[in-house]
Structure formats: C-alpha cells, structure tokens
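Novice: give me a model of this one.
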Amino acid sequence: MVLERIELFLLDMDGTFYLGDSLLPGALDFVETVRNQKKRFLFLTNNSSKDNKQYVAKLRRLGVNVELDDVFTSGEATAIFTKQRYGSARVFIIGTQSLVQTFEDHGHTVTKTDPQVVILGYDTQINYEKLSLGCLFIRKGLDYIATHPDINCPSPEGPLPDAGSFIALIEKSTGRKPDFVVGKPNPLMLQMIVQKTGVRPEHIAMVGDRLYTDMEFANRSGILSILVLSGETDSQDLEKVERKPDIVLQNIGELALLLKR
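Specialist: Next comes the predicted model:
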C-alpha cells in the first residue's frame with residue numbers, strides 16, 4: 001500500500017485537523033496512530049502572521065500534545081530559505097512582530113536602514129510607513145521575497161486581504177513581483193521541509209482540504225496528495241479538476257483507519 005512508505009505527513013490545520021476551535025472527527029486518533037507507527041507529522045500553514053508558538057498554544061488548548069518542532073509556518077520556511085541563500089542577512093520586514101521574531105531566531109538582523117532583502121508576509125499590523133518604505137527598497141532593486149501567495153485569509157466575518165493582496169499592491173506601485181514566493185503551493189516550501197526534517201520527498205504526504213493550495217503543492221512538489229472533504233473542498237469541486245488527488249477521504253479519521261489496516 002502506498003501509505004506504507006510514508007514517513008512524514010504534512011497537515012494543513014483549519015478544515016483538515018480542526019475547524020475553528022473544534023477538532024475534526026478522528027484528529028486525535030490520527031496523531032496517536034502516527035506516533036504508534038513511529039511515523040511523523042508536521043502541521044503546515046501558510047499563515048506567516050503567527051509563529052509556531054502561537055499554533056502550538058492553540059493545539060494544546062484543543063487537547064493535542066505537540067511541541068514547537070511539530071509546526072512549520074511559511075514564515076519559518078522563508079527565514080530558513082533566506083539563511084540558505086544569503087547567510088545571516090539584514091532584512092526589512094513587512095510583517096507582524098511574530099514574523100520579525102522568527103527571522104531574528106534564525107540569525108537575521110531586522111532593520112529599516114541598509115537592508116539586503118525585503119520580506120513580505122501576512123501583516124495584520126501593516127501601516128503606511130512599512131508599506132511605503134518597503135516599496136522604496138524594492139524599487140531600488142533589493143531582492144524581494146514573499147512568505148506565501150494567498151490572496152485572502154478566511155475569517156468568521158469573511159475573507160480578509162492576505163499577503164497575495166499586498167503583493168498585488170506592491171506590484172502596482174513598483175512594477176515588481178517577488179523574486180521568490182516560498183509558501184504553498186510552491187515547491188520551495190518542500191525544500192525547506194526536507195532541510196528541516198531530513199525526510200526525502202518520496203516518503204512525504206500532504207494532507208489538506210484545499211485543491212488550489214494543499215493539493216497543488218503536492219502536485220508541484222511530487223509528493224503524495226491526500227484530500228479530506230472536511231473543509232473547503234466538496235465532491236462537486238473535485239469533479240471540476242483534471243488532476244485528482246492520490247487519495248480522497250471524508251476526514252482525517254478515515255486516514256487513521258487506513259493506516260491501522
């Protein structure tokens with residue numbers, strides 16, 4: 001069975017493992033099953049406005065026993081990629097304080113003067129000063145990296161402008177797109193995961209509820225794709241796509257049952 005070769009499951013969170021503040025059916029069973037089989041899981045999110053500490057705190061509140069290394073954000077992936085490409089760099093960040101801290105934790109210097117690289121994340125604390133200064137640096141030709149491409153971030157009130165919306169605004173002002181976009185669905189994210197975990201792509205599976213991020217990420221990266229219908233995607237959406245996921249399940253609990261078999 002194809003699942004037997006999987007050593008690492010990449011888990012989307014909202015819509016896959018939990019919905020809002022409630023675990024989805026079988027979530028804890030999945031964690032227990034994976035651990036009993038000496039496999040690994042890594043919660044994976046494009047949301048770079050928060051760091052892994054904040055996600056770990058939420059998961060623990062929901063009753064999930066996790067550590068910091070069990071969560072990987074596009075912000076951390078971007079900090080690792082920046083370190084790989086530039087060494088310990090001077091960076092200007094359009095992002096939250098959590099993203100600033102993530103970059104500092106990885107040995108970078110966050111500065112408003114003479115940076116080498118501009119980093120754009122999902123900035124829920126954005127202001128005109130950061131935006132205009134970032135555009136000035138980008139217009140001067142500095143390398144420009146975005147943590148992820150999501151246009152909107154879901155919220156209980158409706159979609160909110162995410163990093164992709166800021167990318168469009170900056171392009172309108174400067175005429176430049178990011179030199180690199182790290183997060184899903186871009187394969188750069190997988191390269192950073194391999195670097196972090198040491199697990200080879202043929203032993204990795206992506207579990208998620210979105211066709212255009214989670215499953216597209218799996219397709220572009222050449223890893224096993226597992227779609228759960230507990231979140232954004234339903235069976236009608238699935239019929240419209242040409243390339244189907246490798247495995248389609250109702251929820252993560254069904255994946256736990258498959259692993260037990």
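Novice: for the rest of this, base every contact and every neighbour count on C-alpha atoms.
Specialist: Fine.
Novice: quick one: strands adjacent to the host helix or strand of L10?
Specialist: Secondary-structure assignment from DSSP states H and E places L10 in strand 8-11. Here strand 8-11 has these sheet partners by DSSP bridges: strand 40-45 (parallel), strand 204-208 (parallel).
Novice: tabulate those strands in JSON lines, adding columns for mean pLDDT.
Specialist: Compiled in JSON lines, the strands paired with strand 8-11 are given as follows (pLDDT from 0 to 100):
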{"stretch": "strand 40-45", "mean pLDDT": "97"}
{"stretch": "strand 204-208", "mean pLDDT": "97"}
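Novice: helix or strand right after the strand holding L10?
Specialist: Toward the C-terminal end, the helix or strand that comes next after strand 8-11 (DSSP H and E) is strand 18-19.
Novice: mean confidence score for that next one?
Specialist: Per-region confidence: strand 18-19 scores 90 on mean pLDDT.
Novice: off-centre distance for that strand?
Specialist: Centroid separation for strand 18-19 versus its chain: 16 Å, with CA atoms, centre = their mean, to the nearest Å.
Novice: still on that earlier bit, buried deepest among the strands paired with strand 8-11, which one?
Specialist: Counting by mean count of other CA atoms under 10 Å, strand 204-208 has the highest mean neighbour count of those, with a mean of 27.
Novice: where along the stretch 51-200 of the chain do the helices fall?
Specialist: Listed from the start of the chain, the stretch 51-200 of the chain has helices (DSSP state H, counting those that start in this stretch) covering 52-61, 74-86, 97-105, 128-139, 163-174, 188-197.
Novice: out of those, which gets nearest to V118?
Specialist: Nearest of the helices of the stretch 51-200 of the chain to V118, taken as CA to CA: helix 128-139 at 6.7 Å.
Novice: neighbouring contacts of that closest one?
Specialist: The contact list for helix 128-139, computed with CA atoms under 8 Å, 6 or more residues apart in numbering, reads 92-94, 118, 144, 170, 173-174, 176.
Novice: what pLDDT does E157 get?
Specialist: Listed pLDDT for E157 reads 83.
Novice: ok, now how distant is it from T233?
Specialist: Summarising the geometry, the distance separating E157 from T233, computed by CA to CA, to the nearest Å, is 19 Å.
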